[in-house]
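K.L.:
Got a predicted structure plus its sequence, pasted below:
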Amino acid sequence: MIITIDGPAAAGKGTISALLSKKYHLVSFDTGMLYRAVGLQMVLTGMEITNVEAATAIAQKLTFAQMIELSQHPDFRSDVGGQAASIVSSYQPVRQALLEMQRNFAKNPTFADGTPAAGVVYDGRDTGTVVCPNADLKIFLIADVEVRAQRRHKEFLEKGIQKSYEKVLADMKERDERDKNRSSAPMKPADDAVIIDCSTLSVDDLMKIIMPLVEQKLSA
Ligand code: C5P
């Protein structure tokens, strides 16, 4: 079983992915981590973020172990990591370099301890359109940008990151625009994706919509 969950930042993809993974014994793959790892390495090695060749070279050499190591860095999940990821992810050769890694992951899905999984739940921007066009179930989550900015602002406050709501909102709008308008694999729902607006839905409400869709596929 392959499920893809795409959509803009802070739409709830990670939360839903984690819940589906637990409930249906699927290993989850947060594909944004790959782009964050490349973006953060560019920042840490002092490369100009506009240097496509350098970003491509980093992407070509990236391993899962490196990605996990970089994910421990305080800027991996910060805005520095997010903005750098968003910029390098607009480079077609970077996307190409990371594509096989994402596709291969579904070939023999296993949990971190080596036990086999019943499938994969991917989350990202293009996992239903480009990474797994044949996925069993494709979800595209949307939510009003103000709602997403409020969620992200709350997360920052909980982590002790001082950033005004207005700045979070402005940065999120900028990232949405870049992700939607890039020429290579722009963020958009696959033709066969189920689009769910979760602006006013709780996580429980959302799961009540998604679980029957998964179960329908499992029993097919
Ligand atoms: O999901 P997350 O916010 O961690 O992703 C960071 C950035 O990586 C996104 O803003 C997007 O530009 C890029 N990304 C992408 N394709 C994916 C996943 C993430 O372009 N499949």
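P.N.:
That came through, no problem. Owing to the predicted nature of the structure, the values given are computational and were not obtained by experimental measurement.
K.L.:
If we go by neighbour counts, what in the helix or strand harbouring Leu98 is buried?
P.N.:
Under the criterion of DSSP states H and E, Leu98 resides in helix 92-104. For helix 92-104, the neighbour count (16 or more other Cβ atoms under 10 Å) marks 94-95, 97-99, 101-102 as buried. Backbone N, C-alpha and C define where each C-beta goes, glycine included.
K.L.:
can you state the direction angle for the helix or strand just after that helix and helix 92-104?
P.N.:
As assigned by DSSP H and E, the chain's next helix or strand after helix 92-104 is strand 120-124. On the basis of axes from the mean of the first three to the mean of the last three Cα atoms, to 10 degrees, strand 120-124 is oriented at 160 degrees to helix 92-104.
K.L.:
mind checking how far the residue nearest to the spatial centre of the chain is from the ligand?
P.N.:
In the chain, the centroid-proximal residue (Cα atoms, centre = their mean) is Gly124; its distance is 2.9 Å. Using Cβ to the nearest ligand atom, to the nearest Å, Gly124 is found at 2 Å from the ligand.
K.L.:
what do you get for Tyr165?
P.N.:
Tyr165 is 18 Å from the ligand, by Cβ to the nearest ligand atom.
K.L.:
so what's that residue scoring on pLDDT?
P.N.:
On pLDDT, Tyr165 comes in at 97.
K.L.:
tell me which parts of this structure are close to the ligand?
P.N.:
9, 31-32, 35-36, 82, 85-86, 89, 124-127, 175, 179 (Cβ under 6 Å from any ligand atom).
K.L.:
One more pass at 8 Å, please.
P.N.:
Within the chain, the positions near the ligand by Cβ under 8 Å from any ligand atom are 6, 9-10, 13-14, 30-36, 39, 77, 81-82, 85-87, 89-90, 95, 102, 122-127, 131, 175, 178-179, 182, 185, 187.
K.L.:
Narrow these to just the buried residues.
P.N.:
Buried members of the residues of the chain next to the ligand, counted by 16+ other Cβ under 10 Å: 6, 9-10, 13, 30-36, 39, 77, 81-82, 85-87, 89-90, 95, 102, 122-127, 131, 175, 178-179, 182, 185, 187.
K.L.:
can you map out the strands along this protein?
P.N.:
Applying DSSP state E to the chain gives strands spanning 2-6, 27-30, 120-124, 137-142, 194-197.
K.L.:
Switch these over to JSON lines; also include mean pLDDT.
P.N.:
JSON lines is the format used below for the strands of the chain (pLDDT from 0 to 100):
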{"stretch": "strand 2-6", "mean pLDDT": "98"}
{"stretch": "strand 27-30", "mean pLDDT": "97"}
{"stretch": "strand 120-124", "mean pLDDT": "98"}
{"stretch": "strand 137-142", "mean pLDDT": "98"}
{"stretch": "strand 194-197", "mean pLDDT": "98"}
